[in-house]
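[1] With the input below, show me the fold.
(one chain, ligands or ions: 1)
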Amino acid sequence: MKRYRRILPVIFGAGMLAAAISGCGGSDGGKQIVRIGHNQATDHPTNIALMEFEEYVESKLGDKYNIEIYPSELLGSQTDMVQLTQTGAIDFCVASNSILETFSENYTLFNLPYLFSSADAYHMAMDDPQIVDPIFESTKKAGFEAVTWIDAGTRNFYTVSTPIESPQDLKGLKIRVQQSPTNVRMMDLLGGSATPMGFGEVYTALQSKVIDGAENNEMALTSNGHGDVCKYYSYDMHQMIPDILIGNCAFMDDLSEEERSIFEEGFALINKVEREEWVKAVEAAKDKAANEQGVQFLYPDTKPFQETCASMHTEMLAQYPDLQPIYDKIQEHNAQHPSEAE
Ligand code: GCU
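    Numbering: from 1, shown residues only. Below you'll find the model as predicted:
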């Protein structure tokens, strides 16, 4: 799998790959093939949850649909996969909320640093239809809609050799961020040099010292091997950015009412299974990183990081005033679930 992972996206551009997998409406012995792409390894909670989805939908509708899951960037980067989903070359993909910001400005909201006061507030907000529905439905004109969210924990800085204890320590460091304007702005404010690139390129960039570090949840250390190179992981807790499962609108609209409700049950199952698996996977990742990879975990005061990026909230609301009511709703969840540290 590892070999394919690097080679395939290079050989096939997204367009060529789309042609190679024969595009929309592929069929397998009379069954309709439903293709789902994502960028995580096969033992990652996202893949485990999608496999349960496959089993569930096929147990109910297996005479009609054959679900195929393509992990590990086999169908290209997240940006490639979103484009393939838009055109219907594939039916679903998992994309980070950060990447979706470049397709719809509404997604900017969930990329804000320190948007949620605690993990509980984040979970409650993402489970609240009044918060997510207007955003999830907002890309229908662009050909896709979000069907569920997937927990991707908390993002923190990690570096090859520089412990990050305060924003000052980021000064002059090249830090990989996801390709989104919000992430670049956050990095600029914190003083590091933002280096946007796709997830699949990060390991080599760290190893060859093109970058000094990156920011992500703990799984990146183990599942993606970044902890083999980076020895300091600093809990500054700057973002809780969900992953989003998006579906092609034409595919969704073609489902009968009964089929649609089975798919909806399947989406809810993905969310449930992934969240359960996530808790276990993060614990295992921390253990492996500390004890096998020699990663040192640091717990800096998060306040200076938070204060440095605080202006981003007002900037975003001034730029996208329509998001204000949703932002306010999030504050209600924050008030009910304040930071565990307070
Ligand atoms: C996490 C997230 C992915 C994302 C990656 C990244 O792993 O779950 O969706 O692609 O971070 O930093 O690019």
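
[2] now the residue in the stretch 101-250 of the chain positioned nearest to the ligand: how far from residue 39?
    The stretch 101-250 of the chain approaches the ligand most closely through residue 199 (3.4 Å), counting by CB to the nearest ligand atom. Every C-beta, even on glycine, is put in place using the N, C-alpha and C of the backbone. Counting by CB to CB, to the nearest Å, the gap from residue 199 to residue 39 is 6 Å.

[3] So what's the residue count around residue 186?
    When neighbours are counted by other CB atoms under 10 Å, residue 186 registers 25.

[4] just so I have it, where are all the strands in the stretch 201-342 of the chain?
    In the stretch 201-342 of the chain, the strands defined using DSSP state E, counting those that start in this stretch lie at 213-216, 232-239, 243-248, 296-298.

[5] Would you mind putting these into TSV with mean pLDDT and distance to residue 82 alongside?
    As requested, the strands of the stretch 201-342 of the chain are arranged in TSV below (pLDDT from 0 to 100; distance: least, CB to CB, whole Å):
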stretch	mean pLDDT	distance to residue 82
strand 213-216	98	19
strand 232-239	98	20
strand 243-248	99	7
strand 296-298	98	33
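
[6] Just say which of the ones you listed is most tucked in.
    strand 213-216 (a mean of 26; mean count of other CB atoms under 10 Å).

[7] Using CSV, list the CA coordinates for that strand.
    The C-alpha trace of strand 213-216 is given here as CSV (Å, rounded to 0.1, in the frame of the first residue of the first chain):
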residue,chain,number,x,y,z
GLY,A,213,7.8,21.4,11.7
ALA,A,214,4.1,21.1,11.1
GLU,A,215,0.9,21.1,13.1
ASN,A,216,-1.6,18.4,13.4
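
[8] Please look at residue 52 and residue 276 and confirm they touch.
    No: Residue 52 is beyond contact range of residue 276, at 10.3 Å (criterion: CB atoms under 8 Å).

[9] Counting neighbours, go ahead and name the busier of those two.
    residue 52 (17 against 14).

[10] Pull up the gap between the more buried one and residue 329, please.
    Going from residue 52 to residue 329 by CB to CB gives 30 Å.

[11] Low-confidence stretches in the chain?
    1-25, 341-342 (pLDDT under 70).

[12] Select the longest helix from it.
    helix 257-291 (DSSP state H).

[13] What residues sit buried inside stretch 190-198?
    190-192, 194-195, 197-198 (16 or more other CB atoms under 10 Å).
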